[in-house]
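Colleague: The following comprises the amino acid sequence and a computationally predicted model.
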Amino acid sequence: MDNKAIYKLTYGLFVVTARENDRDNGCIVNTVAQVTSEPIKISVAINKVNYTHDMVKNTGKIAISVISEDADFELFKRFGFQSGREMDKFEGFNDFQTGKDDLKYVTKGTNAYIAADVVEMVDAGTHTIFICEVTDMKVLSDTPSATYAYYHEHIKPKPESKNQDNGKTIWRCQICGYEYEGDELPDDFVCPLCKHPASDFEKIL
Ligand code: FE
């Protein structure tokens with residue numbers, strides 16, 4: 001079995017936001033898809049380790065901001081590479097508006113906003129798949145949506161690969177570009193920047 005085949009699937013990128021007990025939070029996912037058109041339902045898979053996951057599960061409300069090609073890396077750092085359990089991701093952040101059910105959505109580097117109510121939850125192991133019925137939508141810009149491939153090509157900072165000629169092995173996080181130097185990458189290694197596991201690293205040198 002060639003595991004690389006799974007990389008041929010294409011994905012968009014989204015900021016998923018939720019609100020519980022007057023607390024706002026959000027995370028980045030690549031797993032929003034339309035399921036039905038009448039009524040309009042979407043599916044959103046969220047990793048159970050994300051604080052946003054618990055908030056969506058508890059409140060049954062979710063907002064999606066569709067990330068567009070003009071998004072900058074700061075957006076990914078803010079919502080993707082840190083945990084809302086430890087800090088307020090909206091602190092010092094002004095690029096949002098408040099939509100349905102008081103959920104915040106991102107207005108910069110995004111091209112659409114979708115609010116939805118959870119109607120079904122599927123336990124998929126590491127993730128929960130939330131099936132949601134759309135309750136509100138708005139187009140924010142005409143900039144094309146950013147695909148996961150576009151993020152890797154154009155938004156993620158170019159890796160430095162500073163040690164190219166010293167003979168050392170470099171492992172690069174395919175999510176954020178962080179580089180680890182060492183002959184072997186430990187199986188339990190976790191990216192210090194984006195917290196993705198060793199399986200998301202590739203050997204580049
Ligand atoms: Fe990373």
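Modeller: Nice, I can see it. Numbering: from 1, shown residues only.
Colleague: need the residues of the chain near the ion, please.
Modeller: For the chain, the contact set with the ion under CB under 5 Å from the ion comprises 173, 175, 176, 178, 191, 193, 194, 196. Every C-beta, even on glycine, is put in place using the N, C-alpha and C of the backbone.
Colleague: And for the first one, nearest residue in space, chain neighbours not counted?
Modeller: Counting by CB to CB, 6 or more residues apart in numbering, the nearest residue to residue 173 once its immediate chain neighbours are dropped is residue 191, at 4.5 Å.
Colleague: again with residue 97
Modeller: For residue 97, the spatially nearest residue (CB to CB, 6+ apart) is residue 107, at 5.4 Å.
Colleague: give the contact list for that neighbour.
Modeller: For residue 107, the contact set (CB atoms under 8 Å, 6 or more residues apart in numbering) comprises 65, 95, 96, 97, 113, 140.
Colleague: State the mean pLDDT of stretch 117-125.
Modeller: For stretch 117-125, mean pLDDT is 98.
Colleague: where's that stretch relative to the chain centroid, distance-wise?
Modeller: 18 Å (CA atoms, centre = their mean, to the nearest Å).
Colleague: got it, and stretch 191-205?
Modeller: 16 Å.
Colleague: Equivalent analysis for stretch 137-154, please.
Modeller: From the chain centre to the centre of stretch 137-154 is a distance of 13 Å (CA atoms, centre = their mean).
Colleague: Tell me which residues of it come out buried.
Modeller: The neighbour-count check on stretch 137-154 (16 or more other CB atoms under 10 Å) flags 140, 145, 146, 147, 150, 151 as buried.
Colleague: Could I get the pLDDT score of the third one?
Modeller: What the model reports for residue 146 is a pLDDT of 97.
Colleague: same deal with the first one?
Modeller: In this model, residue 140 is scored at 98, pLDDT.
Colleague: correct me, but it touches residue 111?
Modeller: Yes - with contact defined as CB atoms under 8 Å, residue 140 counts as touching residue 111 (5.3 Å).
Colleague: which residues touch the closest residue to residue 106 other than its chain neighbours?
Modeller: Excluding the flanking residues, the one nearest residue 106 by CB to CB, 6+ apart is residue 65, at 4.0 Å. By CB under 8 Å, 6+ apart, the residues touching residue 65 are 14, 15, 17, 26, 105, 106, 107, 110, 112, 113.
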